[in-house]
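In: Dropping a prediction and its sequence here:
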Amino acid sequence: TSAQAFTTGNGGFIKVLGDKVGVFDEAQVNASGANGGGTILIGGDRQGLNSSIRNADFIYLGENTVVKADATDTGNGGKIITFAKDTARIHGNLFARGGLTSGDGGFIETSGLRGFDISNAPDVSAFNGNGGLWLIDPYSIIIVNNVDCVTCTLTSPFTSDATNNQIDVDLIENALLTGNVTVTTGAGGVPTEGDITFQANLDFAINGNANTNSLTLNANRDIIFTNASSVSTVTNDGLDLILNAGRNVSLSSTTTGLNTNGGDLQVSSVDFNSTNASIDVGSGELNLDDVTNNVILGSAQGSDLRVRDVNSVSQATSTSLVFDDARFRATAATDSVKLLEANNDFNTIRLEAVEALINDIDDIDLDGGTVVTSLLDITAGGNITDSGAITVSNVNNTAVTNFDTSGSVVIDGNNDNFNNVRSEEHTSELQSH
């Protein structure tokens, strides 16, 4: 099937719809265009949400089939949707590439809500532009190492398989070389549906091109990184990692590690727990601003750390936090920030909480805007300084500030406000201006 524009114009619009949709043998579906890719709908429209397009129960694409919505000269790649309400078995080759001269990559969705099986990573690359997006959208999914094509030779491919929602991490790695990947889970009929479980080792490398692509995980329920799972990058290859969960994000194993190599790690969830895991964002940011309840941190390092409007921030034992600039806000009536491990190292820290207890192995600078209403306790191996107005007070004048340092305490920001200050220094006197 073809709806191509060979010399000028965009590719056309192709719909392959029905209850059971199959593309077999060496069939090709092509909506490429010289100035932009077209649109191909196989089994439905994006995420099955277009009420004017009939959604298939089952779709099947054979391993020798080809589906294209490329821009062949200029312009952006097109849109390819492969969607099934029940089970999708996608073993063909999907392309929505940007033009040779200019243009960005397109959009490809591969979704089977209850059963999902895929053999090849779609190609949303761009020769002279930005890579496009691959969307994976089942009810639940497990990302694993090494998935074989178990349905390529099925006699009847139009059968339900709610037990095979797995994807090989190698496909995600390959897609990230030239574009961005989003995995989204929805609310199905089974109470446990909606999770994204990461049981694999993703190694991101694009040959040192200093590119930063993104992997986004959107879970209706939980995002779980299990034992021996990891995301890692190599020199000059940063990866932005976005984790959005309707409930919790958990990285609780000593063998779990996330290394974005300068890419940002951004989390939105109810609770975030990285108790025994290791996180390294390099020159990037660990952003937990959209966590709404409790944060428990394991070892983590990077340029910036952000936590805002949570109930509590705490730290697992025998871990370390090393950041150039860390900001914490836990401001409800009983909220606290407690980061008490001996090897923590914050160059600058801003604290907004009822209680804030911080250990630091070296010098620490309190950023202007620090506001604590009950207890500020800082233990440092070096100097304690400030770089702006610090407030540790309440209406009853009972707020307490404790400084314990092997160096000196120099608090000289304008408009500081302390109720009670206790300082134990080893090399100099407390100075307050």
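Out: In hand now; what should we look at? Residues are numbered from 1 along each chain as shown.

In: low pLDDT regions in this protein?
Out: By pLDDT under 70, the low-scoring segments of the chain are 1-7, 148-156, 160-164, 189-192, 206-211, 235-236, 331-334, 413-414, 425-433.

In: Regarding it, what is its longest strand?
Out: When the chain is parsed with DSSP state E, its longest strand is strand 345-360.

In: With just CA atoms, put that one into PDB.
Out: What follows is strand 345-360, C-alpha atoms only, in PDB (Å, rounded to 0.1, in the frame of the first residue of the first chain):
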ATOM      1  CA  ASP A 345      29.500  16.900  50.900                       C
ATOM      2  CA  PHE A 346      27.400  19.900  50.000                       C
ATOM      3  CA  ASN A 347      29.100  23.000  48.700                       C
ATOM      4  CA  THR A 348      25.900  25.100  49.100                       C
ATOM      5  CA  ILE A 349      22.700  24.100  50.700                       C
ATOM      6  CA  ARG A 350      19.300  25.800  51.200                       C
ATOM      7  CA  LEU A 351      17.000  24.400  53.800                       C
ATOM      8  CA  GLU A 352      13.300  25.200  54.400                       C
ATOM      9  CA  ALA A 353      11.900  22.900  57.100                       C
ATOM     10  CA  VAL A 354      10.700  22.600  60.600                       C
ATOM     11  CA  GLU A 355      13.800  20.600  61.500                       C
ATOM     12  CA  ALA A 356      17.000  20.300  59.500                       C
ATOM     13  CA  LEU A 357      19.900  18.100  60.600                       C
ATOM     14  CA  ILE A 358      22.800  18.000  58.300                       C
ATOM     15  CA  ASN A 359      26.300  16.300  58.300                       C
ATOM     16  CA  ASP A 360      29.000  17.500  55.900                       C
END
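
In: packing partners for whatever helix or strand comes next after that strand?
Out: Scanning forward in sequence from strand 345-360 by DSSP states H and E, the next helix or strand is strand 364-367. Secondary-structure packing of strand 364-367 (3 or more Cβ pairs under 8 Å, 6 or more residues apart in numbering; DSSP states H and E): strand 345-360, strand 371-380, strand 384-387. Yep, even glycine has a C-beta here, placed from its N, CA and C like the rest.

In: Could you dump the ones you listed into a markdown table and include mean neighbour count and distance to V409?
Out: Compiled in a markdown table, the helices and strands packed on strand 364-367 are given as follows (neighbours: other Cβ atoms under 10 Å; distance: least, Cβ to Cβ, whole Å):
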| stretch | mean neighbour count | distance to V409 |
| --- | --- | --- |
| strand 345-360 | 22 | 13 |
| strand 371-380 | 21 | 9 |
| strand 384-387 | 20 | 5 |
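
In: Take those strands and write them to a markdown table, including distance to S229.
Out: Shown next, in a markdown table, are the helices and strands packed on strand 364-367 (distance: least, Cβ to Cβ, whole Å):
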| stretch | distance to S229 |
| --- | --- |
| strand 345-360 | 27 |
| strand 371-380 | 34 |
| strand 384-387 | 39 |
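
In: between those, which one is nearest to W134?
Out: strand 345-360 (37.8 Å; Cβ to Cβ).

In: packing partners for that closest one?
Out: By 3+ Cβ pairs under 8 Å, 6+ apart, strand 345-360 packs against strand 321-330, strand 336-339, strand 364-367, strand 371-380.

In: Check the offset of the first one from the chain's centre.
Out: Using Cα atoms, centre = their mean, to the nearest Å, the mean C-alpha position of strand 321-330 is found 19 Å from that of the whole chain.

In: swap in the second one?
Out: For strand 336-339, the gap between its own C-alpha mean and the chain's C-alpha mean amounts to 25 Å (Cα atoms, centre = their mean).

In: In PDB, list the C-alpha atoms belonging to that strand.
Out: C-alpha atoms of strand 336-339 as PDB (Å, rounded to 0.1, in the frame of the first residue of the first chain):
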ATOM      1  CA  SER A 336      12.000  17.500  58.400                       C
ATOM      2  CA  VAL A 337      15.200  17.100  56.500                       C
ATOM      3  CA  LYS A 338      17.600  14.700  58.100                       C
ATOM      4  CA  LEU A 339      20.900  13.900  56.200                       C
END
